[in-house]
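**Q** Need the 3D shape of this:
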Amino acid sequence: MGRKPCCAREGLRTGAWTAQEDHILVSYIKVQGKGKWRSLPKRA
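**A** Here you go, the predicted model:
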């Protein structure tokens, strides 16, 4: 059961985000709005 993963886990980094990654995320949310998390990996 459960949802299909939105992206492959290969090469997935964990840990703190860089300042550039923070900027990308904030920019994405400003354009797309909150709650569109499944499209985030592809569009950001």
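
**Q** Tabulate the CA atom coordinates of the helix or strand in which Lys30 is found in CSV.
**A** According to DSSP states H and E, Lys30 maps onto helix 19-32. Extracted C-alpha coordinates of helix 19-32, given in CSV (Å, rounded to 0.1, in the frame of the first residue of the first chain):
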residue,chain,number,x,y,z
ALA,A,19,22.0,28.5,0.4
GLN,A,20,21.5,27.9,-3.4
GLU,A,21,19.1,25.0,-2.7
ASP,A,22,17.2,27.1,-0.3
HIS,A,23,16.9,29.9,-2.9
ILE,A,24,15.6,27.4,-5.5
LEU,A,25,13.0,26.1,-3.1
VAL,A,26,11.7,29.5,-2.1
SER,A,27,11.6,30.6,-5.8
TYR,A,28,9.6,27.5,-6.7
ILE,A,29,7.1,28.1,-3.9
LYS,A,30,6.6,31.7,-4.9
VAL,A,31,5.8,30.7,-8.5
GLN,A,32,3.9,27.4,-8.0
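
**Q** Go through that helix and flag the buried ones.
**A** Within helix 19-32, no residue is scored as buried using 16 or more other Cβ atoms under 10 Å. From N, CA and C alone the C-beta is placed, and that goes for glycine too.

**Q** any idea which helix or strand comes after that helix?
**A** Sequence-wise, the next helix or strand downstream of helix 19-32 (DSSP H and E) is helix 40-43.

**Q** for that next one, packing partners?
**A** On a contact count with 3 or more Cβ pairs under 8 Å, 6 or more residues apart in numbering; DSSP states H and E, helix 40-43 meets helix 19-32.

**Q** which strands and helices sit next to the helix it packs on?
**A** Right, helix 19-32 is packed against helix 40-43 by 3+ Cβ pairs under 8 Å, 6+ apart.
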